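>>> Generate a structure from the sequence data that follows.
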Amino acid sequence: MTITIKPSLLALSISLLSHNAYALEAISDEVMGDITGQDGISFHATADRIDMERLFWREEGKEMQLRNLRIDNLDATLTADVGADSDLASANPALAWNLTVQPMLLSVGSIGLCNANTTCATTFGEMAIETTTPSTFSGFNTNGMFDGNTSNGRFRFNISKANIYFGQTFGGVRNLAILKDFTLNGSVNGKFTIDAAEGLRTQGTLSLNRDAATRTHGLQFDIAHKANLATGFSTVGAKEVMRFGISGNILNLDLKMKADNSLATGVANTQGVKLGFSGSLDRNNFQMEVGRSDTYSMIFRNWVDFANGAAVTPSNPKFTFGDVYLNILPATGTLPNFTTGYGAGFGSVGGNSADAFSIAVRGLNFQAYPKTLTFQNNTTFVQASQNWSLISAVHNLDANVLLYPDGHPNAAVTPKRGIGFDIKMATTGRDLTGKEGTHFMIADPTAGSYIGMRNLNAQIQLNQGQFYLVDTATDGIDGVKLTSKDMRFDLSGELAVGRLPNGSSVTTIRDDDELFGLRIRMEGELGIVFAPPPQGGYLPIIAVPLLNIPVGLGISGEIKLVDPNSTWHNTLANSVLADPQGLRNSLVISEPSDGTELQLADISGTLGIRSEHISQGEFPDRPTIIGHGSADFTDVSRIEVGNQTITLSTALEFGKGNLATDVFRIGDFVLGFENDNNPATPILEANRYRLGEMVITGGRLYSQLTIMPQ
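Below you'll find the predicted structure:
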């Protein structure tokens, strides 16, 4: 390893030689003459390989450990300069620095969580960062880097075509999840502060610069999966799942980090970290891309504030991630319930038999939507603008997350694999003003109209869960699997057609003119795999019928619905018993005018989601299959971005399994009549009538939903 330092004012060169020997080297008059008049100081470090045993974050007697760190091919140059900066008209004295790092590989053999000063026996997995081009970072500010008084500071960054790997090994098979061709290019301009009250804080403008020549966003990466790689890190042969990218300006940026008690309870001497991130999207240049690098992408532009997005001149939309708390949580610790909105009194996690890394979110709010949706062919780069768009606004999202190494510690979860987790989250459907809420809609931004689910209240629980990489050799499919042995969710909202707020004639989202109300309450077990092609479906090529190009994100797995109270109804008398907890598996449709309800309750059984492909004419002897002989119905169980289309296809298998509890059953069809014509009051049990039940012993249901322009 060598490190060289070249100062301009001191006629001195310090070289770190091999065998840890240091030397001072005299400099001739000629060399000193070359140095005279130069500004700043330069540090240059090179190393073929650097090894570190452990890097850790310690809290409450526990450590999050990065073990067996290794840096290959380090070559970095840091320069610093004190003086005037040419791009400041005031020519104030300033401090500037620049760091250039040549292509390198940083790998972490294991990420663990255990008692302090011990070697972690369990692991979340391994990790590596590989850069393939020089990475540059630079900073500048007047009156010191963190003066906090002026907005003259800037921080620039440029990482291009890097690869970030996350690896897991199970049964001797090693799989990688990859953020491929990771690019981060942009700058932060504004105020940089460090003080006791604020911690580390940045305020100003974040610019993510899009490269027009390469069509690369300021932040962009492809999510990919590579199965069964014994050693090392490589993207060769990796299967792409999807592409994500954003570029443009985030105005009024406020980024904060400081020490905080992190909400943890039941522990002592814990401190943790509190983060904050808020700002507004510049509607003139901010854009987001979602799709695939080899087929099609959706590009969302012209982002506006939900409160007046339909106006002629809408506002830049504001967002906040709320308060984010990070902790190492001992086995005795918990994260508390949420305290506001629909989630109040819900959300506590913890108290398990294992230490965890905890993440708590309070008050995330995203009230923005794109008025322009464009489909892009990523081969020809031809773009087609649409006359519709998608809206997904979120209000008051609270979440508690616990992450465990080597799977979930609960005995019911077997086998132990990957990252274990407990998650609870909640959203609030509508604030008191009606200007903010949680909505999922398809909209015509030009006309200012929408159809979709609005005012969505939600409580979601995914406990006793595991997240891990799967492969064909071990699991029969490549991809990422998400499981939960204790799944519960409660969703209620309104299916409606209406007008988007424009800030003048329409100022709120209504809550009194829906087509019908909808509430879904379910609990049971979940096991879902998200798979890259070919499990992700196929796109037929008409000119060459036998040729298929893999596209889409494949979905497979099963949902086991477990009725929490199978004796809720009375089968002898045609009546309905009380259910005060409201925990039964049910789907309720309500009439907005008088509150009359149709309830499908006591739902149980197993639903399989099959990853399969139906070709045209595949069942010549089965003309009763819907879509038989149709070229428009060929792919199932996938999410696909196509040529000006979004497709969601599923192949559901009823009663998957051999047990009686696997049979799909709706135990009660119930009709309830409101007795006081007030939808806000509960229906009396005496006014509820059981109509019957339904059982589906087996079979498959194929469906396809495609959204396309008129």
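>>> Regarding residue 661, what is its secondary structure?
Following DSSP: H, G, I helix; E, B strand; the rest coil, the label given to residue 661 is helix.
>>> Test my guess that residue 529 contacts residue 557.
Yes: Residue 529 is within contact range of residue 557, at 5.2 Å (criterion: CB atoms under 8 Å). For every residue, glycine as well, the C-beta is placed using N, CA and C.
>>> Find the residues that touch each one of the two.
residue 481 (CB atoms under 8 Å, 6 or more residues apart in numbering).
>>> what about the residue nearest the centre of the chain, which helix or strand?
In the chain, the C-alpha nearest the mean C-alpha coordinate belongs to residue 244, at 10.8 Å (CA atoms, centre = their mean). Taking DSSP states H and E as the definition, one finds residue 244 inside strand 239-259.
>>> Then residue 191?
strand 173-195.
>>> quick one: contacts for residue 285?
247-249 are the contacts of residue 285 under CB under 8 Å, 6+ apart.
>>> Mind jotting down where the helices sit in this structure?
29-35, 472-475 (DSSP state H).
>>> among these, which gets the worst mean confidence?
Mean pLDDT is lowest for helix 29-35 out of those, coming in at a mean of 41.
>>> so where is the stretch 201-350 of the chain shaky, pLDDT-wise?
Applying pLDDT under 70 to the stretch 201-350 of the chain flags the ranges 268-270.
>>> Run through the strands of it in chain order.
219-226, 239-259, 273-281, 287-291, 296-305, 318-329, 334-335, 349-350 (DSSP state E, counting those that start in this stretch).
>>> out of these, nearest to residue 643?
strand 296-305 (6.2 Å; CB to CB).
>>> What angle do strand 318-329 and the closest one make with each other?
Angle, strand 296-305 to strand 318-329, by axes from the mean of the first three to the mean of the last three CA atoms, to 10 degrees: 110 degrees.
>>> Dump the C-alpha coordinates for strand 296-305 into CSV.
Extracted C-alpha coordinates of strand 296-305, given in CSV (Å, rounded to 0.1, in the frame of the first residue of the first chain):
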residue,chain,number,x,y,z
TYR,A,296,-40.7,-1.1,-22.1
SER,A,297,-40.8,1.5,-19.4
MET,A,298,-43.4,3.9,-17.9
ILE,A,299,-42.1,7.4,-17.4
PHE,A,300,-44.1,9.7,-15.0
ARG,A,301,-43.6,13.4,-15.5
ASN,A,302,-45.2,16.8,-14.5
TRP,A,303,-45.7,15.9,-10.9
VAL,A,304,-48.3,18.1,-9.1
ASP,A,305,-49.7,18.6,-5.6
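>>> how is the chain carved up into domains?
Domain segmentation of the chain under automatic domain parsing yields 1-38, 533-707.
>>> okay, how far is it across the last one, tip to tip?
If I follow you right, that is domain 533-707. Start-to-end span of domain 533-707 (CA to CA, to the nearest Å) is 21 Å.
>>> any idea of the mean pLDDT in that domain?
Rounded mean pLDDT across domain 533-707 is 69.
>>> residues in contact with the closest residue to residue 360 other than its chain neighbours?
Of all residues not flanking residue 360 in the chain, residue 325 sits nearest, at 4.2 Å (CB to CB, 6 or more residues apart in numbering). If you count contacts by CB under 8 Å, 6+ apart, residue 325 has them with 260, 262-264, 272-275, 358-362.
>>> try residue 262
By CB under 8 Å, 6+ apart, the contact list for residue 262 reads 270-274, 325-327, 358, 360.
>>> can you do 10 Å?
Residue 262 makes contact with 59, 270-274, 323-329, 333, 335, 358-360 under the criterion CB atoms under 10 Å, 6 or more residues apart in numbering.
>>> same check, this time on residue 314
Residue 314 neighbours (CB under 10 Å, 6+ apart): 283, 302-308, 371, 445, 501-503.
>>> Derive a ChimeraX selection command for the buried subset of the residues you listed.
A single ChimeraX command selects the buried members of the contacts of residue 314 (16 or more other CB atoms under 10 Å):
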select :283,302,303,304,305,306,307,308,371,445,501,502,503
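>>> Using JSON lines, lay out the contacts of residue 314 together with distance to residue 104.
Formatted as JSON lines, the contacts of residue 314 follow (distance: CB to CB, whole Å):
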{"residue": "283", "distance to residue 104": "38"}
{"residue": "302", "distance to residue 104": "39"}
{"residue": "303", "distance to residue 104": "36"}
{"residue": "304", "distance to residue 104": "42"}
{"residue": "305", "distance to residue 104": "42"}
{"residue": "306", "distance to residue 104": "44"}
{"residue": "307", "distance to residue 104": "47"}
{"residue": "308", "distance to residue 104": "48"}
{"residue": "371", "distance to residue 104": "42"}
{"residue": "445", "distance to residue 104": "45"}
{"residue": "501", "distance to residue 104": "50"}
{"residue": "502", "distance to residue 104": "52"}
{"residue": "503", "distance to residue 104": "51"}
